[in-house]
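Trainee: Quick check, what structure comes out for this input:
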Amino acid sequence: MSKIDPTLVADTDIIVEHAAHAQKDEAAKSPDNLILAITLFGVVLWGLSVAAFGIPGLYIPALAAVPVIWTMLIVITRG
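Mentor: Sure, this is the predicted structure:
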């Protein structure tokens, strides 16, 4: 605090407060890493199906994903 104006906060108080908020933010992590891991896992599985079954392994999963993607687009546009 300042001797001139007691409402002023020292820089160290701000740093301590920021560190406390940073620890709280680490506890509430976003699901970005989980979404990335699931997406990469799906791409790897699709690649393995192409390696195992050839061209049908490429287009049959894409064909099966059409209703899922269609439903997701409808849900997104409805809000």
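
Trainee: all contacts plus neighbour counts: C-alpha atoms, from now on.
Mentor: Will do.

Trainee: Can you report how many residues lie near the closest residue to residue 61 other than its chain neighbours?
Mentor: Once flanking residues are discounted, residue 61 sits nearest to residue 46: 7.4 Å by CA to CA, 6 or more residues apart in numbering. Number of residues near residue 46 (other CA atoms under 10 Å) recorded here: 18.

Trainee: what's near enough to touch residue 46?
Mentor: 57-58, 61 (CA atoms under 8 Å, 6 or more residues apart in numbering).

Trainee: From residue 77, how far off is it?
Mentor: In this structure, residue 46 and residue 77 are 28 Å apart, going by CA to CA, to the nearest Å.

Trainee: on that earlier part again, following the helix or strand hosting the residue nearest to residue 61, which helix or strand shows up next?
Mentor: The secondary structure element spanning residue 46 is helix 32-53 (assigned by DSSP states H and E). Using DSSP H and E, the helix or strand that follows helix 32-53 in sequence is helix 55-78.

Trainee: What angle do helix 32-53 and that following helix make with each other?
Mentor: Computed by axes from the mean of the first three to the mean of the last three CA atoms, to 10 degrees, the angle separating helix 55-78 from helix 32-53 equals 150 degrees.

Trainee: From residue 47, how far off is residue 79?
Mentor: Between residue 79 and residue 47 the computed distance is 33 Å (CA to CA).

Trainee: actually residue 38, not the one I wrote
Mentor: For residue 38, the distance to residue 47 under the criterion CA to CA works out to 14 Å.

Trainee: Compare neighbour counts for the two and give me the winner.
Mentor: Counting neighbours by other CA under 10 Å for residue 38 and for residue 47 shows that residue 47 has the greater number, 15 against 11.

Trainee: Show me where this protein dips below the pLDDT cut-off.
Mentor: Scanning the chain for pLDDT under 70 picks out 1-3, 5-28.
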